[in-house]
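K.L.:
sequence and predicted structure, then a few things I'm wondering about:
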Amino acid sequence: MTFLSLSHDFYARDPITVARALLGKRLIRETSAGLAAGRIVETEAYLSSRDPACHASRGLTKKNAAMFGPPGRAYVYMIHARWCLNTVTEQEGVPSAVLIRAIEPLEGLDLMQQRRGTQVIRDLARGPARLCEAFAIDRTYDHWDLTSGRELWIADDPLLNGTPLRIIRSARIGVTSAHRRLLRFYLADSPFVSGKRIAPRTARR
DNA sequence: CTACCGATTGACT
DNA sequence: GTCAATCGGTAGA
């Protein structure tokens, strides 16, 4: 089964559209150790200069430079000594991005378990830094071209094939500025989503 | 150079 | 539920 990477045009849209569209897609990672892949179940949009929570809202630095580059590249940054993965969106010069927050592991579970140091499948890639550890993503993939179709890329999921997805929108997790905006998106029915469920529809009991 | 901080996580009460 | 370890980037002395 081949997994053709999503094109430049997929990413060359506003970050909210891309954040929704990425749900259900496959993140694929190929190393000499083997292949790991999973379904994206949670994302967050960061809206360039019009969003105080966006790392690039105060202009270009060495750290956030990838966000100013072309759409379809990766922006990998460190927070609390852990790596997190974003996809750059819109157009070159407009520093917007989508944070990938959680993934449902599908292939290469043994690899992920090894990298994460846990057997618990639900914990392998639930959270932005956990997924980077499970997929062996670090600073060397900052600026990486996610449309390249090698090493690290994102593709349509053939298993999903048009299945309608129930998407819930909420406030972003851990963001201390711009609380009000509902820029987090996740699959309603996935147990692999991080953080607390804010939507009443999924409230327990 | 030092001080402080964060789009987090895991251990603990 | 609470809390502190984590460390590279950034600001400021």
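P.N.:
Looks like it arrived, so ask away.
K.L.:
ramachandran coordinates for A:V193?
P.N.:
phi -80, psi 140 (degrees, to the nearest 10).
K.L.:
who are the contact partners of it?
P.N.:
Taking CB atoms under 8 Å, 6 or more residues apart in numbering, we find A:V193 in contact with A:41-42, A:101-102, A:126, A:186-187. All C-beta atoms are positioned from the backbone trio N, CA, C, and that covers glycine.
K.L.:
neighbour count, secondary structure and pLDDT added to these, as JSON lines?
P.N.:
JSON lines is the format used below for the contacts of A:V193 (neighbours: other CB atoms under 10 Å; DSSP: H, G, I helix; E, B strand; the rest coil; pLDDT from 0 to 100):
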{"residue": "A:V41", "neighbour count": "26", "secondary structure": "strand", "pLDDT": "98"}
{"residue": "A:E42", "neighbour count": "30", "secondary structure": "strand", "pLDDT": "98"}
{"residue": "A:R101", "neighbour count": "29", "secondary structure": "strand", "pLDDT": "98"}
{"residue": "A:A102", "neighbour count": "24", "secondary structure": "strand", "pLDDT": "98"}
{"residue": "A:R126", "neighbour count": "24", "secondary structure": "strand", "pLDDT": "97"}
{"residue": "A:Y186", "neighbour count": "29", "secondary structure": "strand", "pLDDT": "97"}
{"residue": "A:L187", "neighbour count": "21", "secondary structure": "strand", "pLDDT": "97"}
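K.L.:
for A:G108, give its distance to A:I28.
P.N.:
Distance, A:G108 to A:I28, using CB to CB, to the nearest Å: 9 Å.
K.L.:
residues of chain A that sit close to DNA strand B?
P.N.:
Proximity of chain A to DNA strand B (CB under 7 Å from any atom of the strand) is limited to residues A:44, A:46, A:53-56, A:67, A:75, A:77-82, A:84, A:86, A:97, A:99, A:116, A:118, A:123, A:127-131, A:172-177, A:194.
K.L.:
quick one: buried ones out of those?
P.N.:
A:44, A:46, A:53-56, A:67, A:75, A:77, A:84, A:86, A:97, A:99, A:116, A:123, A:127-131, A:172-173, A:175, A:194 (16 or more other CB atoms under 10 Å).
K.L.:
sitting in helices, which of the residues of chain A next to DNA strand B do you find?
P.N.:
A:116, A:128-131 (DSSP state H).
K.L.:
joint contacts of A:G108 and A:I28?
P.N.:
In contact with both A:G108 and A:I28: A:35-37, using CB under 8 Å, 6+ apart.
K.L.:
neighbours around A:K25, how many?
P.N.:
20 (other CB atoms under 10 Å).
K.L.:
please list all residues in contact with it.
P.N.:
A:6, A:39-40, A:154-157.
K.L.:
which of the shared contacts of A:G108 and A:I28 tops the neighbour count?
P.N.:
Sorting these by how many neighbours each has (other CB under 10 Å) puts A:A36 first, at 25 neighbours.
K.L.:
pretty sure it contacts A:Q114?
P.N.:
No. Counting by CB atoms under 8 Å, A:A36 stays clear of A:Q114, with 10.2 Å between them.
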